[in-house]
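Participant: All I have is the shape, not the residue letters:
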């Protein structure tokens, strides 16, 4: 009996490092192979490669692996950026040649359609992914976590699926100005002895530093996200931050220990301007700290231009802009239609949208705060002709109640912008009860990551 136990232990040790041939990439950019007829996920591995991997955890239906070394390298492999921790999120495809990244993102959409098979999916025209003008330093917003580790201040991002903070002096997809501002603020926090959150001792302080820069004006907006309201030396810190290049405002956002989200609900301006101003396709957009705006402003021009083409709007139409945010799409479309009605749940975003209507001297756009599934039928009952609809939901996709509302209201022209092929394909299963999918266009908003934006043109079936 002892002998068998020893043999079993020996086999387990022997199987810690395994040789795997990578067949394809998963939806999150990880290499996929098979070990003893079970699927194994190995981040950092590429299709066609033979790799040595370590088994990290053996789950009932799959294995989580870790790349040890590459025995046979893919011709599509490129060098990972220097001086960057490969564990960090947001660079899952940085080792893959860019043209192959674009192919992967198109394949992601096709695979999602095959998995959920909405009506007529095998006849959809899925176009090649539109490449980003800039593959590096394109992100104009940084949200870095800050903590003290054995007396040393660390500023960066958490390792995926953990609370282990990786210090991030260099992030090659982040704009140089936002990254430099983050590091300067870290230095000022140390200099002024501003309290930083201590999770283990449950002590409040600065938790996250959010820095956003306008591509059009160069203005930088800083938000200090804190646990607790009265933070020692916060105002002196804000005064010093205002002296940094391009910084025009400093805000405090207050959250609490129970909130799993980065941002809390209470935001207060400490110093400077109320908003920074961005410009897209000749229209101006004022942005408050919590307002959503695409992270890649240069590529956003291509995304919204394609979306407007897909809508194919006419001057007599009323456009419903659902999940309207700060009013970007609706305001861009306002010159093409009779009327724009925007719907958004976040009050600050609605305020920004209304401000942006005034900023652009637009007379035919109105924005409402609330859920789309409630307001859309109310608008129809009130006499608003729902001719055209555009939706740009979060990664979770459309609420089932909203899909039922859309199928009941039945706008003739309908465009869906999605940042998640999986939830898009699931939503199309229901939407194609009344609509045909004419075209799907991929736009690469986030190079070096597996994420992509899809624009879908749907036409009401006669």
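Facilitator: Nice, thanks for sending it over. A quick note: this is a predicted structure, and the numbers were derived from the prediction, not measured.
Participant: who touches residue 182 in this structure?
Facilitator: Applying Cβ atoms under 8 Å, 6 or more residues apart in numbering to residue 182 gives the contacts 142, 144, 155, 209, 211. Any C-beta I mention is one placed from the backbone N, CA and C, and that applies to glycine too.
Participant: for it, helix, strand, or coil?
Facilitator: helix (DSSP: H, G, I helix; E, B strand; the rest coil).
Participant: avg pLDDT for the strand or helix carrying residue 111?
Facilitator: Using DSSP states H and E, residue 111 sits in helix 98-116. Predicted confidence along helix 98-116 averages 96 (mean pLDDT).
Participant: And it, how far out from the chain middle?
Facilitator: Distance of helix 98-116 from the chain centroid (Cα atoms, centre = their mean, to the nearest Å) equals 17 Å.
Participant: What are the boundaries of the strands in the stretch 251-400 of the chain?
Facilitator: Using DSSP state E, counting those that start in this stretch, the strands of the stretch 251-400 of the chain run over 266-272, 276-280, 283-287, 318-322, 339-344, 365-369, 388-391.
Participant: Quick check: which of those strands is nearest to residue 57?
Facilitator: Proximity to residue 57 (Cβ to Cβ) singles out strand 388-391 among these, at 37.8 Å.
Participant: Quick check: next helix or strand after that closest one?
Facilitator: Sequence-wise, the next helix or strand downstream of strand 388-391 (DSSP H and E) is helix 400-409.
Participant: buried set for that following helix?
Facilitator: Buried residues in helix 400-409, counted by 16 or more other Cβ atoms under 10 Å: 402, 403, 405, 406.
Participant: same deal with stretch 18-34?
Facilitator: The neighbour-count check on stretch 18-34 (16+ other Cβ under 10 Å) flags 18, 20, 22, 25, 26, 27, 29, 30, 31, 32, 33 as buried.
Participant: pLDDT-wise, which helix or strand of the protein ranks last?
Facilitator: One helix or strand of the chain scores below all others by mean pLDDT, DSSP states H and E: helix 2-14, with a mean of 38.
Participant: which residues touch the helix or strand just after that one?
Facilitator: On the C-terminal side of helix 2-14, the nearest following helix or strand under DSSP H and E is strand 17-21. With contacts defined as Cβ under 8 Å, 6+ apart, strand 17-21 is touched by 31, 33-35, 40, 42, 45, 49-55, 65, 68, 71.
Participant: which among these end up buried?
Facilitator: 31, 33, 35, 40, 42, 45, 49, 51, 53, 55, 65.
Participant: which pair in the residues you listed spans the largest distance?
Facilitator: Maximum distance among the buried ones among the contacts of strand 17-21 (Cβ to Cβ): 17.4 Å, for 49 and 55.
Participant: As TSV, the buried residues of stretch 18-34 with secondary structure and distance to residue 317 would be great.
Facilitator: Shown next, in TSV, are the buried residues of stretch 18-34 (DSSP: H, G, I helix; E, B strand; the rest coil; distance: Cβ to Cβ, whole Å):
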residue	secondary structure	distance to residue 317
18	strand	59
20	strand	54
22	coil	49
25	strand	41
26	coil	41
27	coil	36
29	coil	40
30	coil	44
31	strand	47
32	strand	45
33	strand	51
